[in-house]
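Asks: task: produce atomic coordinates for the following.
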Amino acid sequence: MRAIPLALTYDDVLIRPKKTTLLSRSQAITKTKLTKKISLNIPIVSANMDTITEAKMAITLARLGGIGIIHRFMTIEDNVEEIKKVKRAQNFIITDPYIVDPFRTIKEAKEFSAEKGVSGLLVANGDRKLKGILSRRDLSLARDDSQLVYEIMTSRNKLVVGNKTTTFDQARDLLRENRIEKLPLVDEDDVIVGLITSADIKNLTAYPLANIDEKGQLIVGGSVGVRGDYLERAQALAEAGADVLVIDIAHGHSEMMFNALKKIKELLPEMEVIAGNVATAEGARDLCEWGADALKVGVGPGTACITRLVAGAGVPQLTAVMEAAEVAKKFGVPIIADGGIQKSGDIVKALGAGADTVMIGGLFAGTDETPGLLMSRGEKKYKVYRGSASFAVAQRRQTVNQEKKNLNEVVPEGVESTIPYKGSLTELVGQLVGGLKSGMSYTNSHTISELQMNADFVQITNAGLRESGPHDLQEVK
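Replies: Numbers count the residues shown, from 1 in each chain. Here you go, the predicted model:
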């Protein structure tokens, strides 16, 4: 009979405390690598699931220091718009601001403004020469929606403008001194070359941990599959400004992954590409050799995933991360521990096992920032959460991506459920990062790389697990 090795997950272990030189957990530095070239200020990635990450989640998480990976279960056009929303959420300079023609009606301008999610528009003809600004205040003073834009806009001669050499400090001073919200940038011919807004200035100072690109825009990822329109989608997301792509399939150690990774790398040689999911050292080695810039590790640990029950396949997550990380480190490829994170201590254990970041789905479900409507049942509020391999997602792919797979042949490896409303993502991430920093202080780890070296695990029993939580308390009535 073949020997059967023991495999462990997060609740099976604890980390030995060590003498620490950290005077406070605030001294712990959470900066880490997402891919070979991309760094994050906190090691948290939101899952590319249709009930977890669209633009709102990605914006909030990037501002907090992490990154969101927008799901692919929508049309390519909608996918592109979600990426663009994140990229436009804040900038130092908006190089391609939204412009409305002066002879459009107020109704048309309002519809365009609402569609793009902006509060005001620059006004110009086809030559892009600045004619004025249509502000929120201007719109509020319109007699009716049939008026034309030029009739109510703030005209060019009343505007304060900058140019392409205007610095951050100069823009901030001009906005403050003139009590304006938008500073158009024009060249010597009065042609629009950009826009700086007071909201962007505030965001750049209000979110010191925000992960931004060289333009001051928030970083964001998009996901693709391995069939159908995946190359067209990858190209479109890259052109929209995605900083990283995730090739995401349930079983990433496959020829389909090899072919998709190769073709995307040929199409977009400068794009950072994350591949997965795998759960073994062999899977990690192959993906590294095939050219992945980071690996997603995890088969079956997610809250809404039932792969292990349906297929009987998977590896408990702590062991999967440890095995994959040992191999990936030799290639200089970062690891994303995907799934199974239920509390901040699990993040400490995942990183201590060798992961560089963690991907979170179920723990973020039910927050304000997740897609979907807030539902009420009696006095309680809920949101929907489902696994990417659930039957509901298969139906959605059939509709929006026009996939032709027979739904009668679908074997779901995920479930759909409702999750109690949790409130703000910001508060939840704050608690998780605080717990991570505490775990780092217990292991004398000033950085994530030190945590990976310093974490010594001990296996515990069910009694040890019970002892780890609240116990032997009398309920207060």
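
Asks: tell me where the model's unsure across the stretch 301-450 of the chain.
Replies: 387-415 (pLDDT under 70).

Asks: which residues in it form helices?
Replies: Assigned by DSSP state H, counting those that start in this stretch, the helices in the stretch 301-450 of the chain fall at 307-311, 317-331, 344-352, 391-400, 425-442, 448-454.

Asks: got the angle for the third one vs helix 425-442?
Replies: Interaxial angle, helix 344-352 versus helix 425-442 (axes from the mean of the first three to the mean of the last three CA atoms, to 10 degrees): 60 degrees.

Asks: contacts for helix 344-352, please.
Replies: 10, 13, 15, 32, 43-44, 317-318, 321, 337, 340-341, 358, 431-436, 438-440, 443, 448, 451-452, 454-455, 457 (CB atoms under 8 Å, 6 or more residues apart in numbering). C-beta coordinates here come from the backbone N, C-alpha and C atoms, glycine included.

Asks: and Asp293, how many neighbours?
Replies: By the other CB atoms under 10 Å criterion, the neighbourhood of Asp293 contains 24 residues.

Asks: whoops, Gly366 was the one
Replies: Gly366 has 23 nearby residues by other CB under 10 Å.

Asks: could you dump the host helix or strand of Leu204 to PDB, C-alpha only?
Replies: In this assignment (DSSP states H and E), Leu204 forms part of helix 198-206. Provided in PDB are the C-alpha atoms of helix 198-206 (Å, rounded to 0.1, in the frame of the first residue of the first chain):
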ATOM      1  CA  SER A 198      -9.400  68.800  -6.300                       C
ATOM      2  CA  ALA A 199     -10.800  65.300  -5.600                       C
ATOM      3  CA  ASP A 200      -7.600  63.800  -7.000                       C
ATOM      4  CA  ILE A 201      -5.400  66.100  -5.000                       C
ATOM      5  CA  LYS A 202      -7.300  65.000  -1.800                       C
ATOM      6  CA  ASN A 203      -7.100  61.400  -2.700                       C
ATOM      7  CA  LEU A 204      -3.300  61.500  -3.300                       C
ATOM      8  CA  THR A 205      -2.900  62.800   0.300                       C
ATOM      9  CA  ALA A 206      -5.800  61.000   2.000                       C
END
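
Asks: which residues belonging to that helix are considered buried?
Replies: By 16 or more other CB atoms under 10 Å, the buried positions in helix 198-206 come out as 198-201, 203-204.

Asks: between those, which is nearest Ala58?
Replies: Asn203 (14.5 Å; CB to CB).

Asks: I'd guessed the closest one sits against Gly216; true?
Replies: No. The criterion here is CB atoms under 8 Å, and Asn203 misses it with Gly216 at 9.1 Å.

Asks: quick check: neighbours shared by those two?
Replies: What both Asn203 and Gly216 touch, as defined by CB under 8 Å, 6+ apart, is the set Gln90.

Asks: list the contacts of Gly298.
Replies: So Gly298 contacts 276-277, 279, 317, 320-321, 337-340, 359 (CB under 8 Å, 6+ apart).

Asks: filter those to the buried ones?
Replies: 276-277, 279, 317, 320-321, 337-340, 359.

Asks: skipping adjacent residues, who's closest to Asp229 in space?
Replies: Ile76 (6.4 Å; CB to CB, 6 or more residues apart in numbering).

Asks: wouldn't the one you found be in contact with Ala234 here?
Replies: No. Taking contacts as CB under 8 Å, Ile76 lies outside contact range of Ala234: 9.8 Å.

Asks: so between those two, which is more surrounded?
Replies: Ala234 (26 against 19).

Asks: please, where are all the helices along the stretch 101-250 of the chain?
Replies: Under DSSP H, counting those that start in this stretch, the stretch 101-250 of the chain gives helices at 106-116, 136-140, 149-152, 168-178, 198-206, 230-240.
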